[in-house]
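S.K.: Here is my input, please return the structure:
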Amino acid sequence: MGIKQKDIKLLWGRSGNRCAICKTELTQDASAVTSSFTLGEQAHIVGDKAGSARSTSPLTAEQRDSYHNLILLCPTHHTEIDSNEADWPIERLHQVKSEHELWVTETLSETIDHVKLAKQATIASIVDSAVDLCELDNWQNWTGFALSPDPRWIKERPDRIFDFRQKVIAAI
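M.R.: Now for the predicted structure:
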């Protein structure tokens with residue numbers, strides 16, 4: 001499945017483009033205009049694969065790739081927390097993430113519009129749901145069949161569209 005764009009944006013935005021542990025800036029130098037690069041790594045708090053650091057958990061694959069299970073780190077600290085699980089348990093990483101995001105919010109409090117951020121997250125969630133539940137990445141194929149002389153739908157399509165409708169209503 002992978003990490004959704006909405007979750008990546010939330011993680012980077014709420015982390016202020018900085019490592020949650022050392023607060024190092026995680027994107028290119030402001031003077032480097034010809035080449036773009038990021039140093040930051042979206043690390044899983046509960047490991048995403050069996051056998052990875054802190055992977056023993058009842059979380060589903062989707063929950064493991066969600067914003068709430070991710071922490072933004074520099075490569076050095078990502079390596080450190082994954083190679084030293086005893087010093088970096090799940091609870092400690094959640095605490096570090098919360099404290100870091102609070103620090104970012106307090107540091108930038110004059111420039112953050114929380115209502116606007118909430119609206120952007122809601123819209124991103126609706127778009128992700130539309131692409132997934134309504135199969136927008138394959139719309140030409142299924143709409144072509146729907147408008148043919150002998151229209152055909154996959155059996156689950158009405159249920160998936162109804163699920164999308166419910167997500168939009170819930171978001172509103």
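S.K.: what's the least confident helix or strand in the chain, going by average pLDDT?
M.R.: helix 139-146 (a mean of 74; mean pLDDT, DSSP states H and E).
S.K.: Where does pLDDT dip in the protein?
M.R.: 1, 29-36, 110-112 (pLDDT under 70).
S.K.: Which of the residues in the longest helix along it are classified as buried?
M.R.: Ordering each helix of the chain by length in residues (DSSP state H) puts helix 114-133 first. Using 16 or more other CB atoms under 10 Å as the test for burial, helix 114-133 gives A121, A124, S125, I126, S129, V131, D132, L133. No exception for glycine: its C-beta is placed from N, CA and C like everyone else's.
S.K.: Pick out whichever of these sits closest to K167.
M.R.: S129 (4.6 Å; CB to CB).
S.K.: Count residues in the vicinity of the nearest residue to the closest one once chain neighbours are set aside, would you?
M.R.: Nearest residue to S129, sequence neighbours excluded (CB to CB, 6 or more residues apart in numbering): K167, at 4.6 Å. Neighbours of K167 under the rule other CB atoms under 10 Å: 17.
S.K.: how close does K167 get to L72?
M.R.: Look at K167 and L72: by CB to CB, to the nearest Å, they are 27 Å apart.
S.K.: picking up where we left off before, and of the buried residues of helix 114-133, the nearest to E106?
M.R.: A121 (20.1 Å).
S.K.: these two touch, right, the closest one and Q5?
M.R.: No. Look at A121 against Q5 with CB atoms under 8 Å: they stay out of range, at 11.1 Å.
S.K.: Using the centroid of this structure, identify the residue furthest from it.
M.R.: Most distant from the centre of the chain: P149, at 41.6 Å, with distances by CA atoms, centre = their mean.
S.K.: Tell me the spacing between it and N141.
M.R.: 17 Å.
S.K.: now swap in N84 and tell me
M.R.: Distance from N84 to N141, by CB to CB: 49 Å.
S.K.: How about K155?
M.R.: 16 Å.
S.K.: Contact partners for the residue nearest to S129?
M.R.: S125, I126, S129, L133 (CB atoms under 8 Å, 6 or more residues apart in numbering).
S.K.: what's the answer for K23, then?
M.R.: Contacts of K23 (CB under 8 Å, 6+ apart): H100, W103.
S.K.: Which stretches in this structure count as helices?
M.R.: With DSSP H, the ranges of helices along the chain come out as 5-14, 61-64, 75-83, 90-107, 114-133, 139-146, 157-171.
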